[in-house]
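> Give me a 3D structure for the following:
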Amino acid sequence: MKFPTTREGQVVALEQAIMSGTAPDGGLYVPEALPSFTTADFDSLETLSDVAARLLQPFFAGSSLETELAGICSAALNFPAPLRVLEDNGPGLSVLEMFHGPTAAFKDVGARFLAEAMVRIIRAGRYAQPPVTIIVATSGDTGGAVAAAYHGKSGTRVVVLFPDGRVSPRQQHQLTCWGDNIISLAVRGEFDDCQRLAKEAFADKKLNAAHNLCSANSINVGRLLPQAAYFAMASLEHYRQTGDSTNFVVPTGNLGNGLACVWAKRMGLPIDRIVLATNANMTIPDFLATGDWMPRVSRSTLASAMDVGDPSNMERLRALCGDADQIRKVVSAYSVDDDLIRATICDEYMRHGIAWCPHTATGLHIYRQLPRHERAERHWVVVATAHAAKFDTIVEPLLGIKIDPPAELAELLDWPSRFETIDADLGEIERAIS
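Okay, here's the model as predicted:
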């Protein structure tokens, strides 16, 4: 399969799309077509890695990675993504727990898959010459997942850009505890400044040539594709039990998670409604309400990984669906402010005795606010994007409990932190990597 850009520019092979990140015309690479599946195509496939290998096979057809896809999935997606039933009255409510990977966040799926694919491309030597420098802008979980996925990978180094003082302490530790081939930079500014710096670096031909730059954000199509697999797996699990499709509430910031769900639905998986949950950064809900795309400076919230004022993947969603009127037929979007996030964390703990992270709380709040008849018509799944222990300074005081981190996260917290604070200037990036 080939990959054109959202701006109808260059059409490239999968390997080049993965190694380029953004396209020369400033657009984003997308598949030339989305394949069609039936539920029977996934019969007997039970694990995330097996479902992903089947789902992604058409995208890898004809590439140098085609015969390695199963191995990539097996190496990258070797952790569970369980559906936890919260309420079984009527169609019911489940939570898709996407925090069982090495860094306790859903970003582990895309980051680990991309790393396994990229090192194979680099090893082949046709599309990239080592060392390759991966620049990743993060509002929280992405950078930690990418750093973990690439740490120690030969032929690569990673530059993590995160907004200084705008991520949780445990998130920051995950961004800065690596050393070796990982360079961690705290940027004075917002996430959007980090994302702007990354885009400026990719647009700088001299810098690109000198350092073989590549992206591991969700602007990289190689990180988005595997994310569709967990929506496929969750919807298939419910379909096998009931013969019915599933509705999803998807917390989203840069719109990668939401777009992956749309892709899974378009490929024929048993998915019905898709509702996007955002925090107080309302660019997406406002666009769907007014039809006017109005990016703005991001606001700092409790759900820091979603603090995005200019979601780049809207360009992909618009290329796929069309204008706001057409997108409204595919997704709806609602925002949740910090007061409601706090209240939802407390309310859900009272209901079920489970502590959820602020991002998951946005999804649960949106589900609770849906009209009763909408909740009753079909099963709903809320995507739990991160473990509550990553946000201990928020969740623990609210609930008056101590939340123990998962074993993998606890190990990382014992490592020393190493990072440099820089201004939001491209020259600072060039200095740090030269």
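
> Tell me which helix or strand comes right after the helix or strand harbouring residue 121.
Element membership of residue 121 [criterion: DSSP states H and E] is helix 107-124. With elements assigned by DSSP H and E, the helix or strand that comes after helix 107-124 is strand 132-137.

> List of residues touching that next one?
Strand 132-137 is contacted by residues 19, 118, 122, 142-143, 146, 150, 155-162, 191, 194-195, 197-198, 201-202, 211-217, 429, 433 when judged by C-beta atoms under 8 Å, 6 or more residues apart in numbering. Heads up, the C-betas are built off the backbone N, CA and C, glycines and all.

> I'd like to know which elements the helix or strand just after it is packed against.
Scanning forward in sequence from strand 132-137 by DSSP H and E, the next helix or strand is helix 141-150. Counting by 3 or more C-beta pairs under 8 Å, 6 or more residues apart in numbering; DSSP states H and E, the packing neighbours recorded for helix 141-150 are helix 107-124, strand 132-137, strand 156-163, helix 169-176, strand 182-187.

> now these in CSV, with mean neighbour count and distance to residue 316?
Shown next, in CSV, are these (neighbours: other C-beta atoms under 10 Å; distance: least, C-beta to C-beta, whole Å):
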stretch, mean neighbour count, distance to residue 316
helix 107-124, 24, 14
strand 132-137, 26, 17
strand 156-163, 26, 22
helix 169-176, 23, 26
strand 182-187, 23, 25
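
> now those in TSV, with mean pLDDT and distance to residue 324?
Formatted as TSV, these follow (pLDDT from 0 to 100; distance: least, C-beta to C-beta, whole Å):
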stretch	mean pLDDT	distance to residue 324
helix 107-124	94	27
strand 132-137	92	26
strand 156-163	94	29
helix 169-176	89	33
strand 182-187	96	32
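
> between those, which gets nearest to residue 360?
Nearest of the helices and strands packed on helix 141-150 to residue 360, taken as C-beta to C-beta: helix 107-124 at 13.9 Å.

> got a list of what residue 173 touches?
Residue 173 is in contact with 412, 413, 415, 417, counting by C-beta under 8 Å, 6+ apart.

> host element of residue 236?
When elements are assigned from DSSP H and E, residue 236 belongs to helix 227-242.

> quick one: the helix holding residue 121 to strand 156-163, angle?
Here helix 107-124 points in a direction 150 degrees away from that of strand 156-163 (axes from the mean of the first three to the mean of the last three C-alpha atoms, to 10 degrees).

> how many degrees apart are helix 107-124 and helix 141-150 in direction?
Between the axes of helix 107-124 and helix 141-150, defined by the same axes, to 10 degrees, the angle is 40 degrees.

> So what's the gap between helix 107-124 and the chain middle?
Distance, stretch centre to chain centre, for helix 107-124: 15 Å (C-alpha atoms, centre = their mean, to the nearest Å).

> show me where pLDDT drops low in the chain?
21 (pLDDT under 70).

> Narrow the contacts of strand 132-137 to just the buried residues.
19, 118, 122, 142-143, 146, 150, 155-162, 191, 194-195, 197-198, 201-202, 211-217, 429, 433 (16 or more other C-beta atoms under 10 Å).

> would you list the helices and strands packed on helix 141-150 in JSON lines and tack on distance to residue 98?
JSON lines is the format used below for the helices and strands packed on helix 141-150 (distance: least, C-beta to C-beta, whole Å):
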{"stretch": "helix 107-124", "distance to residue 98": "7"}
{"stretch": "strand 132-137", "distance to residue 98": "19"}
{"stretch": "strand 156-163", "distance to residue 98": "21"}
{"stretch": "helix 169-176", "distance to residue 98": "16"}
{"stretch": "strand 182-187", "distance to residue 98": "23"}
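
> Out of these, flag the one nearest residue 243.
The nearest among the helices and strands packed on helix 141-150, by C-beta to C-beta, is helix 107-124 at 27.1 Å.

> how about the contacts of residue 173 in a markdown table, adding neighbour count?
What follows is the contacts of residue 173, written out as a markdown table (neighbours: other C-beta atoms under 10 Å):
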| residue | neighbour count |
| --- | --- |
| 412 | 19 |
| 413 | 14 |
| 415 | 13 |
| 417 | 15 |
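
> List just the nearest of these to residue 96.
residue 412 (23.7 Å).

> partner residues bridging residue 334?
Judged by DSSP bridges, the bridge partners of residue 334 are residue 277.

> That one: what's it in contact with?
Applying C-beta under 8 Å, 6+ apart, we find residue 334 in contact with 275, 276, 277, 278, 285, 366, 369.

> wait, the fifth one sits on residue 277?
Looking back up the chat, that one is residue 285. No. With contacts counted by C-beta atoms under 8 Å, residue 285 stays clear of residue 277, the gap being 9.6 Å.
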